[in-house]
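> need the 3D shape of this:
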Amino acid sequence: MSSLRLRYPWLAVGALLAFGLAGCGRRETRVESGDRTQTLHYGNLGEPNDLDPALVVDNDTFNIVLALMEGLTQYDPRTGLPIPGVAERWEVSADNLTWTFHLRPEARWSNGDPVTARDFVYAERRMLSPNLGSDYASLLFGLKNAKAYFSSKITDFSLVGTRAADDHTLVLQLAQPLPYLPELLCHASWYPVHQGTIEKFGRMDERGSHWTRPGNYVGNGPFMLAEWIPHQIVRVTKSPTYWNHDRVRLHEIDFYPIEDLATEEAMFRSGGLHVTASVPQDKIPVYKRDPARRKSLQLNTQLGTYYYFFNVSKPPLNDVRVRRALAYSIDRQEIVDRVALGDEPPADHLTPPDTAGFTATAKVPHNPALARQLLAEAGYPMGRGFPHLELLYNTNEGHRKIAEAIQQMWHHELGIDVGIYNQESKVWSDTLRQKDYQMARYAWVGDYLDPSTFLDTLLGDNGNNYAGWKNAEYDRVVNEGDHEPDQTKRWALYQRAEQIIADECPIAPIYFYTRANLRLPDVKGWYGNLLDQHPYTDVYLEAPAK
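The predicted model follows:
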């Protein structure tokens, strides 16, 4: 057996099952070795799409970037609320339009350079560059003139509301009040980048530049990029230049992109992982019943919604009656009770209940009779003459089972046959971005604790609106709500937005997330917060007492 297979045991089932055993005696498992050396072994589900903070599109990628970079604010490990990061403090003007952030003088890049306010201004310019085409550029649209710059209506970046007053003072000028700005600043889209490194390996606005490769990467986070072997491992090691270096107890984190959940779970049981990205749905009852395994099963409420996109540019999905028929015929309770099995609440709207105090009243109902009526009105009584459609999902056993269940519901309730197919995560995200699909599995996990993190994704110009759906009234009420300081008025605007989604059905909501994964008790400082974000500055390993 090759050394490569021993190093990456999921590459062969035989190596996986034999992991930790060799010769005539038992060898130290990867977890045991990790506990001793403070090396966290982390199952991370998918290959990162890119380690450039401006191009992060999924949690699998952000989990890694969170180790390599840090923004003005950081997630509190217990609550997910913003706490100081590179900015040690900040203040806001009386009109709520000018925010001044005071950076830590001791903040350093991994090459030893100081982190300055100009690094943030440069990163914001890059993020808003039309040629870069970041999916998350809209998170910066609260800055004065940011949207106009991104859409090329203006070309002078000095007109955008960001400036370095001095090396350690960043001033952000907003177009309108943005009460949740500190929450937004935790997100990777606001992270600084090192200008010299970016431009050493290409243009400022170049996608796929080699600056993100090991040996080239310059970050300002608690860890440095040591190794990246695609589809095998991303390894990060403790940074000696991080401003809060003494607080970091982990010496290394090894991220493994294991898309097959059964393989990941077997690797966990064999001592190969401290934490998994998920757990096979049929294994959840097994872990619940077994007291020894139950302590590793984590079922935490997560601020996320699982849903299907309808590409409204593809007939017959351009007909709202067809979209509503497809959405109304999904039995969400059946999905969570018999397929998902993770105690997920069924979803009948986009924003999860009680998001910062907001709960939508609009509903996408389960109503097969009305679904059949709508399909008949669209010209397809009991599915007759309905064209063949296909549903795309990213490779994952759980997604496949849900897709097959909904495929059967559509056949039984509507008389239509829908094909299903899968793509590896990186290809799947590219397919969605290019809108080269008809229907697709998707999910949104909140980037910060506010309803806008969900509702903004369906704005007509939002880079994450893969449905291609545009509604002027929806855009108006969401944009007004995003900047309304009066919470009662703000919630009313968001209620109207949720009603428009329910009426138009650009998506079919399926369930709200319960984060189901496996984590050993050895892992300390890792908490089940709503955003499922776990800053590694607080994480450490402690072997159980023998």
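> the helices in the stretch 201-350 of the chain, which residues?
Remark: helices assigned in the stretch 201-350 of the chain by DSSP state H, counting those that start in this stretch are 261-269, 284-289, 291-294, 320-328, 332-335.
> just name the most buried of these.
By mean neighbour count, with neighbours taken as mean count of other C-beta atoms under 10 Å, helix 320-328 ranks first of those at a mean of 24. All C-beta atoms are positioned from the backbone trio N, CA, C, and that covers glycine.
> ok, back up a step: nearest to residue 193, out of the helices of the stretch 201-350 of the chain?
Using C-beta to C-beta as the criterion, the shortest distance between residue 193 and the helices of the stretch 201-350 of the chain is 31.8 Å, found for helix 261-269.
> looking at the helices of the stretch 201-350 of the chain, which is closest to residue 176?
Using C-beta to C-beta, the nearest of the helices of the stretch 201-350 of the chain to residue 176 is helix 320-328, at 31.3 Å.
> now the closest one: mean pLDDT?
For helix 320-328, the mean pLDDT works out to 98.
> next one: stretch 78-88
94.
> sec struct for residue 392, please.
Judged by DSSP: H, G, I helix; E, B strand; the rest coil, the three-state class of residue 392 is strand.
> show me what it bridges to in the sheet.
Using DSSP bridges, the bridge partners assigned to residue 392 are residue 421, residue 440.
> residues contacting it?
Contact criterion C-beta atoms under 8 Å, 6 or more residues apart in numbering gives 420-423, 428, 431-432, 437-441 as the residues in contact with residue 392.
> from those residues, which would you call buried?
Neighbour-count burial within those applies to 420, 422-423, 428, 431-432, 437-441; the criterion is 16 or more other C-beta atoms under 10 Å.
> re the thing from before, max pairwise distance over the contacts of residue 392: which two?
Farthest apart among the contacts of residue 392 - using C-beta to C-beta - are 420 and 432, which lie 15.6 Å from each other.
> helices along the stretch 51-200 of the chain, start to end?
Listed in chain order, the helices of the stretch 51-200 of the chain (DSSP H, counting those that start in this stretch) span 59-68, 117-127, 146-150, 181-184, 195-200.
> among those, which comes closest to residue 239?
For residue 239, the closest of those is helix 59-68, at 8.6 Å, according to C-beta to C-beta.
> what does stretch 162-181 contact?
With contact meaning C-beta under 8 Å, 6+ apart, stretch 162-181 is reached by 72, 87, 95-105, 114, 116-118, 120-121, 124, 142-146, 161, 184, 448-450, 452, 482-483, 485.
> in strands, which of those residues appear?
Restricting the contacts of stretch 162-181 to those inside strands, with DSSP state E as the criterion, leaves 87, 98-103.
> and of these, the nearest to residue 357?
Nearest to residue 357 among the ones in strands among the contacts of stretch 162-181, with distances taken as C-beta to C-beta, is residue 99, at 23.0 Å.
> what sits closest to the closest one if chain neighbours are left out?
For residue 99, the nearest residue in space outside its immediate sequence neighbours is residue 172; the separation is 4.5 Å by C-beta to C-beta, 6 or more residues apart in numbering.
> avg pLDDT for the strand ranked longest in the chain?
Criterion DSSP E: the longest strand present in the chain is strand 297-310. Here strand 297-310 scores 94 as its mean pLDDT.
> I am finished for the moment; much appreciated.
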